[in-house]
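[1] Could you look at this predicted model? Sequence included:
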Amino acid sequence: MKKFIKVIISAAIFAVFSLSATVIINCNARVARAEVLETKIVTIMYHSVLNGSKGRYIVSEKQFENDLVAFKNEGFVSVTPNEIIAFSEGRGMLPEKPVLITFDDGHYNNLYYAVPILKKHGFTAVINVVGAYSEYTTTSGDSKNPNYSHITWDEMADAAKDGVIYFGNHSFGMHKFKPRYGIAQKPYESDDEYVKIFTADTMKLHDKIKEYAGYDTAVYAYPFGKYSALAKDTLKKLGYKITLTCNEGVTSARFGDPDSVIYMRRINREGSYSACDLINVVKKYDCN
């Protein structure tokens with residue numbers, strides 16, 4: 001009888017420990033799964049790369065190169081929009097520390113100064129062009145001046161060939177404060193009227209990018225960071241899968257969740273920053 005009781009007690013103890021181990025393993029599995037399925041994407045917003053000029057939205061060649069070196073030293077890996085989209089749709093994985101380099105407005109100096117540095121260090125970037133700026137530079141013939149020119153359509157075609165640059169949509173003619181603030185809906189403008197105007201502007205540049213870069217861009221950068229639910233829904237219907245804001249911070253992208261890369265946050269690269277300053281700002285957001 002005593003032997004039988006010992007067997008029962010031993011079996012019970014074993015069952016308890018087995019259950020505890022199972023719970024611990026399952027909990028750890030859930031933690032690991034959560035870590036794998038959500039990745040913080042650091043997105044940096046640049047504008048102009050110029051030497052001998054200073055401003056909030058201007059960095060020098062040296063500053064830009066120092067930034068890329070600093071990112072590499074911190075273990076960051078450059079990613080493309082297509083890789084981000086694949087992750088958000090459950091079709092691919094991202095590196096542990098992804099960084100997306102973006103340039104707004106489509107300045108020619110992005111090609112002249114930044115692209116050679118990107119290639120040197122194995123980075124890619126997104127250039128969000130303003131269609132009206134590129135159209136003016138193309139038709140005026142006043143191109144290839146790093147100080148003020150914008151990327152022409154032919155320059156876009158050349159730059160798109162090697163995959164280093166991905167061209168995004170920054171509106172054709174809505175990057176201005178009047179008659180509306182960026183893409184903002186005017187007071188008393190009906191939703192239908194607004195959607196018609198916004199769609200026409202978006203597709204005007206979309207078609208140009210398709211013609212010269214050779215693909216349907218899936219990235220839209222909101223002019224001045226102004227956005228709305230109606231604009232978001234319109235862009236989704238037009239096939240846009242990543243939208244870039246001017247909201248400071250990093251983006252928590254989730255595997256298999258396309259909505260997690262809508263309204264992506266960015267960190268504005270202030271011209272006064274050193275590379276160390278930029279990394280410190282990144283760490284402030286990346287650790288929250």
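    That came in fine, so what should we check first?
[2] the helices in the protein, which residues?
    Using DSSP state H, the helices of the chain run over 2-37, 61-73, 81-88, 108-109, 115-121, 131-140, 153-159, 191-213, 229-237, 275-286.
[3] tell me the angle the second one makes with helix 275-286.
    If you take axes from the mean of the first three to the mean of the last three CA atoms, to 10 degrees, helix 61-73 sits at 50 degrees to helix 275-286.
[4] What about residue 225, how many residues nearby?
    Using other CB atoms under 10 Å, residue 225 has 16 neighbouring residues. Placement of C-beta: from N, CA and C, glycine included.
[5] So it is in contact with residue 245, correct?
    Yes - applying CB atoms under 8 Å, one finds residue 225 in contact with residue 245, separated by 5.1 Å.
[6] Let me know which of the helices of the chain is tucked in deepest.
    Greatest average neighbour count among these goes to helix 108-109 (a mean of 23), per mean count of other CB atoms under 10 Å.
[7] Just the residues contacting that one, thanks.
    Here helix 108-109 makes contact (CB atoms under 8 Å, 6 or more residues apart in numbering) with 48-50, 137, 143-147, 149-151, 155.
[8] make it 10 Å
    47-51, 53, 58, 61, 103, 115, 133-134, 137, 143-152, 155 (CB atoms under 10 Å, 6 or more residues apart in numbering).
[9] Just checking the distance from it to the centre of its chain.
    In terms of CA atoms, centre = their mean, to the nearest Å, the centre of helix 108-109 is set 20 Å apart from its chain centre.
[10] what does stretch 165-180 give?
    That offset, for stretch 165-180, works out to 16 Å (CA atoms, centre = their mean).
[11] Likewise for stretch 123-136?
    15 Å.
[12] again with stretch 40-58
    Taking mean C-alpha positions (CA atoms, centre = their mean), stretch 40-58 and its chain are 15 Å apart.
[13] With stretch 67-79 instead?
    Using CA atoms, centre = their mean, the offset of stretch 67-79 from its chain centre is 15 Å.
[14] how much space between the closest residue to residue 52 other than its chain neighbours and residue 46?
    Nearest non-adjacent residue to residue 52, counting by CB to CB, 6 or more residues apart in numbering: residue 60, 7.9 Å away. Distance of residue 60 to residue 46, given as CB to CB, to the nearest Å: 12 Å.
[15] Give me the more crowded residue out of these two.
    residue 46 (25 against 17).
[16] Return the distance of the residue lying closest to residue 263 once chain neighbours are set aside relative to residue 226.
    Of all residues not flanking residue 263 in the chain, residue 245 sits nearest, at 5.4 Å (CB to CB, 6+ apart). Distance from residue 245 to residue 226, counting by CB to CB: 9 Å.
[17] again with residue 110
    Applying CB to CB, the value for residue 110 to residue 226 is 23 Å.
[18] on that earlier part again, okay, the helices of the chain in a markdown table with distance to residue 220 next?
    A markdown table is the format used below for the helices of the chain (distance: least, CB to CB, whole Å):
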| stretch | distance to residue 220 |
| --- | --- |
| helix 2-37 | 25 |
| helix 61-73 | 24 |
| helix 81-88 | 11 |
| helix 108-109 | 22 |
| helix 115-121 | 22 |
| helix 131-140 | 12 |
| helix 153-159 | 16 |
| helix 191-213 | 7 |
| helix 229-237 | 5 |
| helix 275-286 | 22 |
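[19] residues in contact with residue 185?
    Contacts of residue 185 by CB under 10 Å, 6+ apart are 191, 193-195, 197-198, 226, 228, 230-231.
[20] ditto for residue 256
    So residue 256 contacts 37, 87-91 (CB under 10 Å, 6+ apart).
[21] again, only this time at 8 Å
    Shown in contact with residue 256 (CB under 8 Å, 6+ apart): 37, 88-90.
[22] same question, residue 147
    When contacts are counted by CB under 8 Å, 6+ apart, residue 147 touches 50, 53, 109.
[23] thinking again about what came up before, for residue 245 and residue 226, indicate the residue with more neighbours.
    Shown here are residue 245 and residue 226; by other CB under 10 Å, residue 245 has more neighbours (19 against 16).
[24] contacting residues around the more buried one?
    Taking CB under 8 Å, 6+ apart as the test, what residue 245 contacts is 222, 225, 227, 263-266.
[25] Kindly report the same for residue 115.
    With CB under 8 Å, 6+ apart, residue 115 has these contacts: 125, 159, 164-165.
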